[in-house]
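**Student:** next one to model:
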Amino acid sequence: MQRTPFYNFHADLGAKFVEFAGWEMPISYGSILQEHQQVRSAGGLFDVSHMGRLKISGRHARRLLERVLTRRISDMAPLTCRYSLICNDQGGVIDDVIIYRFEDYWLVVCNASNRAKVVEHLKANIGDLVLKFDDQTLDTAMVALQGPKVMEAIGKFSREVPTLKRYAFCIKNLMILKMIISRTGYTGEDGVEVILPASMASMAIKLLVKNPAGTDAGQSVMRPAGLGCRDTLRIEAGMPLYGHELSQEIDPLTADLAFAVSLNKDQEENGEKFLGQEALKAIAAAGPTRKRIGLKLEGKRTPRQGMNILSGDTVIGQVTSGCLSPTLGYPIAMGYVPVAQAQPGQTLAVNLGAEKVPAQVVPLPFYKHP
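**Tutor:** Residues are numbered from 1 along each chain as shown. Sure thing, here's the model as predicted:
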């Protein structure tokens, strides 16, 4: 398994490691619940170095990205980010990504489990385009600082970062440390994600987290948090995860991600038809037959991926993600059902194995930070 540049930092804090997409990653440092609550109340630091970071530069870099991304990116201003998807010819999702636009190149941040697939897909669609492709994943590290007190804490060291708008980024030089800092995240909280050289990771982590081993969580705004609470946080925020809410068999319109699809991109200035566009146009014209929904369950048992969603005694869908929400105090789940059963307020059920538990369709996200 691969190890991130922060591995020794995690090990020194007694992290419990798990295999994730070929990487040895910390799932928690003792309590997923406490780490979840720390992020919701103050701030947490996540190692997300396993995610892919792909630099694309050269004369036709923009054209390649327009060709493979569902969302128009030619109108992006430098130092901004944009969420988009990469689809196959049938409109199914190969991956969901964040695009960074620099003055003279682009950066694609993709999921760890899909990096090899995304690299292969991008290279297969270069054709006669002239560009340079550089997988920077192993040469860089990446952390996410998330929580309601994070920007206030960063403001003690930088006046610029707290003024960033959502999905904007800046480049900061701190002594010999060069960092790309974007106001993005995957928890439903405010915060930033930081990309830095792998060789500087051990020095940077000491600057980002003070007294991480302290017994009092209040001693540091940004205490380490693992993948366990990252998952419960993103479920509460109603955010899709590849392999759960997204796959090559699920299109972005069914996944309720129409905001990230530019169906007429090829008709706009400098536009180019993207792979899967015609298939998605047909789905949009007919209307998706299924929809991603949120469910609030009765009781305290946790719904899991693959459990059946029922209308009466009829199976109408499956749970894609679920947890006992630490913030809300009741079980929540996402899944796909026919559009007719997807309206908020409807009562369905989830088969938990030993029992069928009533579940109400509720709007997504389940939680929004104040």
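
**Student:** for the residue nearest to Pro240 when sequence neighbours are not counted, give the beta-bridge partners.
**Tutor:** Leaving aside its sequence neighbours, Pro240 sits nearest to Leu246 (Cβ to Cβ, 6 or more residues apart in numbering; 5.1 Å). Using the backbone N, CA and C atoms, a C-beta is placed for each residue, glycine as well. Under DSSP bridges, the beta-bridge partners of Leu246 are Tyr242.

**Student:** quick one: neighbours of Leu246, just the number.
**Tutor:** By the criterion of other Cβ atoms under 10 Å, Leu246 has 25 neighbours.

**Student:** do the same with the one 5 residues further on
**Tutor:** Look at Asp251: counted by other Cβ under 10 Å, it has 26 neighbours.

**Student:** so who does it touch?
**Tutor:** Contact partners of Asp251, counting by Cβ atoms under 8 Å, 6 or more residues apart in numbering, are 87, 90-93, 276, 279-280, 283, 288.

**Student:** hmm, back to that, what residues are up against the residue nearest to Pro240?
**Tutor:** Residues counted as contacts of Leu246 (Cβ under 8 Å, 6+ apart) are 85, 93, 95-96, 240, 252, 255.

**Student:** quick check, nearest of those residues to Asn8?
**Tutor:** Among the contacts of Leu246, Asp95 lies closest to Asn8 (Cβ to Cβ), at 29.7 Å.

**Student:** got the phi/psi numbers for the closest one?
**Tutor:** phi -170, psi 160 (degrees, to the nearest 10).

**Student:** for the nearest residue to Val109 once chain neighbours are set aside, grab the count of nearby residues.
**Tutor:** Spatial nearest neighbour of Val109, excluding adjacent residues (Cβ to Cβ, 6+ apart): Ile98 at 4.5 Å. Applying other Cβ under 10 Å, we find 19 residues neighbouring Ile98.

**Student:** and the gap between Glu355 and Val315?
**Tutor:** Distance of Glu355 to Val315, computed by Cβ to Cβ, to the nearest Å: 15 Å.

**Student:** likewise for Gly14?
**Tutor:** The gap separating Gly14 from Val315 is 43 Å, by Cβ to Cβ.

**Student:** next: Lys265.
**Tutor:** In terms of Cβ to Cβ, Lys265 sits 37 Å off from Val315.

**Student:** the more surrounded of the two?
**Tutor:** More crowded of Lys265 and Val315, by other Cβ under 10 Å: Lys265, with 21 against 11.

**Student:** about what we covered before: ok, and the residue nearest to Val109, which helix or strand is that part of?
**Tutor:** Assigned by DSSP states H and E, Ile98 belongs to strand 93-101.

**Student:** so what strands line up beside that strand?
**Tutor:** In the sheet, strand 93-101 lines up with strand 80-87 (antiparallel), strand 105-110 (antiparallel) (DSSP bridges).

**Student:** so for the worst-scoring helix or strand of the chain on mean pLDDT, what gets flagged as buried?
**Tutor:** Least confident element among the helices and strands of the chain, by mean pLDDT, DSSP states H and E: helix 201-208 (a mean of 82). Of all the residues in helix 201-208, those buried under the rule 16 or more other Cβ atoms under 10 Å are 201, 204-205, 208.

**Student:** again with stretch 269-280
**Tutor:** Under the neighbour-count criterion of 16+ other Cβ under 10 Å, stretch 269-280 has 272, 274-277, 279-280 buried.

**Student:** that older thread, now do the same for the residue nearest to Pro240: its pLDDT.
**Tutor:** For Leu246, the pLDDT comes out at 98.

**Student:** buried only: go through the contacts of Asp251 for me.
**Tutor:** Those of the contacts of Asp251 that meet the buried threshold are 87, 91-93, 276, 279-280, 283, 288, by 16+ other Cβ under 10 Å.

**Student:** same list (those residues) but as a markdown table, adding distance to Ala340.
**Tutor:** Shown next, in a markdown table, are these (distance: Cβ to Cβ, whole Å):
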| residue | distance to Ala340 |
| --- | --- |
| Cys87 | 26 |
| Gly91 | 22 |
| Gly92 | 23 |
| Val93 | 24 |
| Gly276 | 26 |
| Ala279 | 23 |
| Leu280 | 22 |
| Ile283 | 17 |
| Pro288 | 12 |
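
**Student:** contacting residues around stretch 334-349?
**Tutor:** Residues outside stretch 334-349 that contact it (Cβ under 8 Å, 6+ apart) are 235, 238, 240, 244-245, 250, 254, 287-295, 309-311, 316-322, 356-364.

**Student:** write the PyMOL selection for whichever of those are buried.
**Tutor:** Buried residues among the contacts of stretch 334-349 (16+ other Cβ under 10 Å), as a PyMOL selection:
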select buried, resi 235+238+240+244+245+250+254+288+290+291+292+293+294+295+309+310+311+316+317+318+319+320+321+322+357+359+361+362+364
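
**Student:** just the contacts of stretch 334-349: which are in helices?
**Tutor:** Among the contacts of stretch 334-349, the ones falling in helices (DSSP state H) are Ile235.

**Student:** reformat the strands paired with strand 93-101 as JSON lines; add mean pLDDT and distance to Phe6.
**Tutor:** Below are those laid out as JSON lines (pLDDT from 0 to 100; distance: least, Cβ to Cβ, whole Å):
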{"stretch": "strand 80-87", "mean pLDDT": "98", "distance to Phe6": "23"}
{"stretch": "strand 105-110", "mean pLDDT": "98", "distance to Phe6": "17"}
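
**Student:** how about these in JSON lines, adding distance to Gln2?
**Tutor:** Shown next, in JSON lines, are the strands paired with strand 93-101 (distance: least, Cβ to Cβ, whole Å):
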{"stretch": "strand 80-87", "distance to Gln2": "22"}
{"stretch": "strand 105-110", "distance to Gln2": "15"}
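
**Student:** cheers, nothing more for now.
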